[in-house]
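Chemist: Got a sequence here, can you build the structure:
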Amino acid sequence: MNIVALDCFTVNPGDLSWDEISQLGNLTIYNRSTPEEVVERAKDAEMILINKINISRELIAQLPKLKYVGEMATGYNNIDLEACTERGITVCNIPAYSTDSVAQMVFALLLNVATKPNCYAEETRQGKWSEKQDFCYWNTPLMELSSKTLGIVGLGNIGYKVAEIAHAFGMDVNAFTSKNSSELPDNIRKTTLEGLLATSDVISLHCPLNASTDKMINKETLAMMHAGTILINTGRGGLIDEDAVADALESGQLKAYCADVMTQEPPTPNNRLMKEPHAYITPHIAWATFEARQRLMAIAIENIRKFIEGTPQNVINKS
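Modeler: A predicted model of the protein is given here:
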């Protein structure tokens, strides 16, 4: 079985092992592949492993031996599932591997806004506390999370984990979700999107990016929020209209925008959000803890093994 990993450097920059996959077939690894290189590199592959490479209908037509696409991530909007299904190509992803890590990042970002530990640690290194007459020093408002309302958009594995942590902080939790109210625990209240936007002190996005959610946070929906709302996006960059969010930061409609994702990654240097003092953006690292990537690799190995055995798991294009 010829297996080609086309762009998996971010999954394994060298601190994990490919050995178990290499035992399952003839493995070739490319850290990165440009669109122009994919066909040549994958032309003899029966199985390919990808992360962000676009697997289009046109590309699939040029890979006659392909039987399996392994998405080394949870999201799969980069794959033409219909074309794969028509060709009988099995597509598998890696679900739920990064739940704890992404939820952890949500609160790292939120606490950075609420109490600014990094800002004050840096000012202390610069000697600003040493210059003061009092035993303590702060020059920005500090916020307690307890009793604040968190609105969660999308209540999958990560959304549930974020709700659990928020509850431990004493926050009230509302959710916009397709789940029935009867399915939710007592500490999560189902609401409409409009109701969530209007009542939340903090909003965290955890829904997939699709036609109905593309730029769901825009000029109109931002106007539904009360002034001073904190918006957190660890889902997908395309869930927001970046210019509208920049406008909301400048007007004070948003207190802060915290994101681990951007519409274009990496972003261009002239992206407006790069220059906003109340935009706190990390470079798509929420999923990338060592522990989460270990789980990702373990599931990827098992996906391949199960496919070879004829009992594939985590299939996302079941007919």
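Chemist: how about the helices in this structure?
Modeler: Along the chain, the stretches classed as helices by DSSP state H are 19-22, 35-42, 57-61, 81-87, 99-115, 117-125, 157-168, 193-199, 219-224, 242-251, 290-309.
Chemist: Can you name the residues in contact with the first one?
Modeler: Looking back up the chat, that one is helix 19-22. Outside of helix 19-22, the residues that reach it under the criterion C-beta atoms under 8 Å, 6 or more residues apart in numbering are 3, 5, 27, 49, 300-301, 304. For the C-beta atoms, the positions are set from N, CA and C on the backbone; glycine is no exception.
Chemist: Which among those count as buried?
Modeler: For the contacts of helix 19-22, a neighbour count by 16 or more other C-beta atoms under 10 Å gives the buried set as 3, 5, 27, 49, 300-301, 304.
Chemist: Pull out the buried residues from stretch 115-128.
Modeler: Residues of stretch 115-128 classed as buried under the neighbour-count rule (16+ other C-beta under 10 Å) are 115-116, 120.
Chemist: likewise stretch 25-32?
Modeler: Buried-residue list, stretch 25-32, by 16+ other C-beta under 10 Å: 25, 27-28, 30.
Chemist: how long is it end to end?
Modeler: Taking C-alpha to C-alpha, to the nearest Å, the span from the opening residue of stretch 25-32 to its closing residue is 20 Å.
Chemist: which residues does residue 16 contact?
Modeler: The neighbours of residue 16, taking C-beta under 8 Å, 6+ apart as the test, are 293-294, 297.
Chemist: Distance to residue 128 added to the residues you listed, as a markdown table?
Modeler: A markdown table is the format used below for the contacts of residue 16 (distance: C-beta to C-beta, whole Å):
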| residue | distance to residue 128 |
| --- | --- |
| 293 | 38 |
| 294 | 40 |
| 297 | 44 |
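Chemist: Grab the two from the buried residues of stretch 25-32 that are most spread out in space.
Modeler: In the buried residues of stretch 25-32, two members sit farther apart than any others by C-beta to C-beta. They are 25 and 30, at 15.4 Å.
Chemist: give me every residue that touches the closest residue to residue 224 other than its chain neighbours.
Modeler: Counting by C-beta to C-beta, 6 or more residues apart in numbering, residue 197 is the residue found nearest to residue 224 once chain neighbours are left out, at 4.1 Å. Contact analysis of residue 197 by C-beta under 8 Å, 6+ apart lists 151, 203, 221, 224-225.
Chemist: Report how many residues lie close to residue 135.
Modeler: 6 (other C-beta atoms under 10 Å).
Chemist: ditto for residue 281
Modeler: Counted with other C-beta under 10 Å, the neighbours of residue 281 add up to 19.
Chemist: before we move on, what about residue 270?
Modeler: Using other C-beta under 10 Å, residue 270 has 7 neighbouring residues.
Chemist: Next one: it from residue 42, what distance?
Modeler: With distances defined as C-beta to C-beta, to the nearest Å, the gap from residue 270 to residue 42 amounts to 35 Å.
Chemist: Equivalent analysis for residue 216, please.
Modeler: As for residue 216, its distance to residue 42 is 35 Å (criterion: C-beta to C-beta).
Chemist: Could you do residue 88 as well?
Modeler: Using C-beta to C-beta, we find residue 88 at a distance of 17 Å from residue 42.
Chemist: Of the two, which one has the most company?
Modeler: With other C-beta under 10 Å as the criterion, residue 88 and residue 42 differ in neighbour count, and residue 42 comes out ahead with 25 against 10.
Chemist: hang on, isn't the more buried one packed against residue 60?
Modeler: No: counting by C-beta atoms under 8 Å, residue 42 stays clear of residue 60, with 10.3 Å between them.
Chemist: which residues do the two both contact?
Modeler: residue 66.
Chemist: Which pLDDT value does the model give the one residue sitting closest to the centre of the chain?
Modeler: Most central in the chain under C-alpha atoms, centre = their mean is residue 235, positioned 3.9 Å from the mean C-alpha point. According to the per-residue confidence, residue 235 scores 96 in pLDDT.
Chemist: How about residue 77?
Modeler: Note for residue 77: predicted pLDDT of 86.
Chemist: Tell me how many other residues crowd it.
Modeler: Counted by other C-beta under 10 Å, the residues lying close to residue 77 total 12.
Chemist: Now do the same contact list for the nearest residue to it once chain neighbours are set aside.
Modeler: Spatially, and ignoring its direct neighbours in sequence, residue 77 is nearest to residue 209 (6.1 Å; C-beta to C-beta, 6+ apart). The neighbourhood of residue 209, defined by C-beta under 8 Å, 6+ apart, consists of 75, 77, 235-236, 238-239.
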